[in-house]
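>>> Build me a model from this:
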Amino acid sequence: MKFDCDDSAYEFYKDYAHQIGFSVQKHSVKRGNVGQIIRRTFSCSKEGERVFDKRRENASYRHPISRTGCLAQMTCHLQKDGMLHVVSFHDQHNHKFAHSPMKHMLRSKRKISLAQKAIANDAERSGISIKQTIELLSMQAGGHENLGFMDVDYKNHVHNERRMALRKGDGPAMMEYFHKMQLNAAKNLHHVFHSFKQFAKDFSDCLYEYEDEDEWLVSWDCMLKEYGLTDNKWLRSIFDVKEKWAIVYGRHMFTTNMKSTQRSESINNVLKKYLKPKHDFVRFSGHYSRVLVDKRR
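So this is what the prediction gives:
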């Protein structure tokens, strides 16, 4: 038997191991002068034995023994035809195999597919809990045993994605978040922003600086006339729902600058659906944006 690359050989051995009921690992490798793989050995995951650790001699808890000195393995060697040929194959194990209902738990075959990762990332941005997302994926796959991964694998993926998002730090993430909020206005009013340096300040003042509604209305009207925007469709559309975004309409109450058309609904109940105390700023800002979008509909 021969393979065109190391990955193909590994996938074959993993598939074979999964059918039998054991997990595998990459055991050893020998490379050539330019880094090409000349010899590769894959082995049963129970190969070798646990090294005795004196520091844990009196430990109250000991991890179950996972290595039994199993000698089962497959070795491939690079031949003149450029293919990796199987030169050694040992199929004798010294341990029991996993039964069919438990085979999905074998580590070497557990993997979250690209499609599952896409769903996971969408669920994370939508505020769906890890448990609920796993249940959804499980239903789509026809059961947990068909998922291809375990709950811990999914949790590790989500936590890794969160760490990646935080590598830039909360400060830069905050600036990026507010920058995105301004893009919509910049897109619809780019010609004004480029033509008038003062417009950015005047527009910002209309959003945040006024305490009195009448004064705000006068200022808004003056800004439209000053910059020739009385017929701008986007400004007209947002003016029609000004009570939902203009700060002046919420000065008399504390709502974190969020407006709601459902006055009888508890703001705490709304926020609890999206926000949690353990959220870092990146996740908080993403979910808070969803709150604003939902309340402006």
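>>> In terms of helices and strands, where is Arg39?
Secondary structure from DSSP states H and E places Arg39 in strand 37-44.
>>> With Lys131 instead?
Taking DSSP H and E as the criterion, Lys131 maps to helix 130-141.
>>> So which residues of the stretch 51-200 of the chain form strands?
Ranges of strands in the stretch 51-200 of the chain, per DSSP state E, counting those that start in this stretch, are 73-78, 84-90.
>>> hey, which of those is tucked in deepest?
strand 73-78 (a mean of 21; mean count of other Cβ atoms under 10 Å). From N, CA and C alone the C-beta is placed, and that goes for glycine too.
>>> re the thing from before, a markdown table please, covering the strands of the stretch 51-200 of the chain and showing mean pLDDT.
A markdown table is the format used below for those (pLDDT from 0 to 100):
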| stretch | mean pLDDT |
| --- | --- |
| strand 73-78 | 94 |
| strand 84-90 | 94 |
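>>> How about the contacts made by Arg110?
Going by Cβ atoms under 8 Å, 6 or more residues apart in numbering, Arg110 touches His104, Gly148, Phe149, Met150, Asp153.
>>> Worst mean pLDDT across the helices and strands of the protein, which element?
Least confident element among the helices and strands of the chain, by mean pLDDT, DSSP states H and E: helix 267-272 (a mean of 58).
>>> wouldn't Met83 be in contact with Ser8 here?
No - in this structure, Met83 is not within contact of Ser8 by Cβ atoms under 8 Å, at 9.7 Å.
>>> mind listing which of the contacts of Arg110 are in helices?
Among these, the members falling in helices (DSSP state H) are Asp153.
>>> Whichever of the contacts of Arg110 end up buried, select them in ChimeraX.
Buried residues within these, by 16 or more other Cβ atoms under 10 Å, are selected in ChimeraX with:
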select :104,149
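>>> what does the model give Tyr154 for pLDDT?
pLDDT, Tyr154: 86.
>>> and if you look at Cys5?
For Cys5, the predicted pLDDT is 91.
>>> wait, isn't it in contact with Leu84?
Yes - if you go by Cβ under 8 Å, Cys5 and Leu84 touch, sitting 7.1 Å apart.
>>> Sketch out the low-pLDDT regions of this protein for me.
For the chain, residues meeting the criterion pLDDT under 70 lie at 52-65, 165-182, 208-209, 211, 244-248, 250-297.
>>> quick one, domains of the chain?
With domains defined by automatic domain parsing, the chain comprises 2-47+67-109, 114-166, 170-296.
>>> Quick check: buried residues in stretch 2-12?
Across stretch 2-12, burial judged by 16+ other Cβ under 10 Å covers Phe3, Asp6, Ala9, Tyr10, Phe12.
>>> Thank you, goodbye.
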